[in-house]
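[1] Sequence plus the predicted model coming up.
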Amino acid sequence: MASKARLFYSNELKNGLISKLSINQSHYIKNVMRIKKGDTISLFNSHNGEWEASIIDNLSDLVVFKVEKFSRPVKEETNLWLAFSLIKKIPQDIMLQKTTEIGIKKFIPLLCERSVVRDINIERAKKIVTEASEQSNRISVPEFSKIQKLENFLKTFPKDGKLFFCDINYNSNNFENIKLNKTPTCILVGPEGDFSENERQILNKHKNTTPLSLAKNILRSETAAIVATTILSFHLNFK
């Protein structure tokens, strides 16, 4: 019997593979989804695509599965990044979840001059984006970079990439020229107090940077990230 359980599996997936789920995944399968021996689940990763697997043992701590059938290949994804100033936990969790669902491929947490929050639990963040990928039918799970200062991020940003920063002082947009390519298109969102004047000057001098206005109203950081991701994802995938 097939189930709706869909899990990210980081190791190699191939026909006939017999292996075990992690402790957390096993708990989810047995105690949340109530999946029994003989039931089918889906396993995926960005290297091997998505596969159907049958549960062959759910009595031990770690659920044992056997890969039975290939179901979906890996497809090339839009190389859309989100560089964001650290914000409070609950809004940040929502931002990570929703932008993963929409299609962010890489997250870059930043420290800006006006960032109030100065740290992030990377393992917790990875768990959120993994679960969001499972729920949203993505084949891949977004990558996470280490925390870095805004100035360092700008210095190392790929020369052939495009960087769009959400600017509350800007009253126009430049979405018309966005085109799909393999180089990164990155959204940059500042802290609740916005970028400092010094940071704004650095951004305006940066070659690959374009300011964007997202709304007539002032948006919270997490709202700006979700809105910008939605707009750029649409332009990159459907225009």
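    Nice, thanks for sending it over. The structure presented is a predicted model; accordingly, all values stated were derived computationally and were not measured. Residues are numbered from 1 along each chain as shown.

[2] The residue in the chain sticking out farthest from the centre and Val129, how far apart?
    Residue farthest from the centre of the chain, counting by C-alpha atoms, centre = their mean, is Leu59 at 33.7 Å. From Leu59 across to Val129, the span is 31 Å (C-beta to C-beta, to the nearest Å). Placement of C-beta: from N, CA and C, glycine included.

[3] same question for the longest helix seen in the chain, mean pLDDT?
    In the chain, with assignment by DSSP state H, the single longest helix is helix 221-238. Averaged across helix 221-238, pLDDT comes to 89.

[4] who does it touch, helix- and strand-wise?
    Applying 3 or more C-beta pairs under 8 Å, 6 or more residues apart in numbering; DSSP states H and E, we find helix 221-238 packed against strand 80-85, helix 89-102, strand 162-166, strand 185-189.

[5] Quick one: closest of these to Arg200.
    Set against Arg200 and scored by C-beta to C-beta, these come closest in strand 162-166, at 8.9 Å.

[6] Next, the buried residues of the closest one.
    Buried positions in strand 162-166, judged by neighbour count with 16 or more other C-beta atoms under 10 Å: 162-166.

[7] need the next SSE after the helix or strand bottoming out on mean pLDDT in the chain, C-terminal direction.
    Using mean pLDDT, DSSP states H and E, strand 2-8 stands out as the lowest-scoring helix or strand of the chain, at a mean of 79. Downstream of strand 2-8, the first helix or strand assigned by DSSP states H and E is strand 18-20.

[8] quick one: strands adjacent to that next one?
    Strands flanking strand 18-20 in the sheet, each with its direction: strand 64-72 (antiparallel) (DSSP bridges).

[9] how far does the partner strand sit from the chain's center?
    The chain centroid and the centroid of strand 64-72 are separated by 25 Å, computed with C-alpha atoms, centre = their mean, to the nearest Å.

[10] next one: stretch 200-211
    Chain-centre distance of stretch 200-211: 24 Å, with C-alpha atoms, centre = their mean.

[11] ok, now how distant is the closest residue to Ala83 other than its chain neighbours from Arg6?
    For Ala83, ignoring the flanking residues on the chain, the nearest one in space by C-beta to C-beta, 6 or more residues apart in numbering is Ile108 at 4.1 Å. Counting by C-beta to C-beta, the gap from Ile108 to Arg6 is 27 Å.

[12] Could you do Lys105 as well?
    Distance from Lys105 to Arg6, counting by C-beta to C-beta: 19 Å.

[13] and the two? which has more neighbours close in?
    Legend: neighbour count by other C-beta atoms under 10 Å for Lys105 and Arg6, higher for Lys105 (20 against 16).

[14] That one contacts Pro142, correct?
    Yes. Proximity of Lys105 to Pro142 meets the contact threshold set by C-beta atoms under 8 Å, at 5.8 Å.

[15] thinking again about what came up before, per-residue pLDDT of the residue farthest from the centre of the chain, please?
    pLDDT, Leu59: 83.

[16] Identify the residues contacting it.
    Taking C-beta atoms under 8 Å, 6 or more residues apart in numbering, we find Leu59 in contact with Lys37.

[17] circling back to that earlier point, the longest helix of the chain: which residues count as buried?
    221-229, 231-233, 235-236.

[18] what's the answer for stretch 93-108, then?
    Buried, per 16+ other C-beta under 10 Å, within stretch 93-108: 95-105, 107-108.

[19] Domain map for this protein?
    With domains defined by automatic domain parsing, the chain comprises 2-72, 80-238.

[20] between the ones you listed, which has the poorest average model confidence?
    domain 80-238 (a mean of 89).
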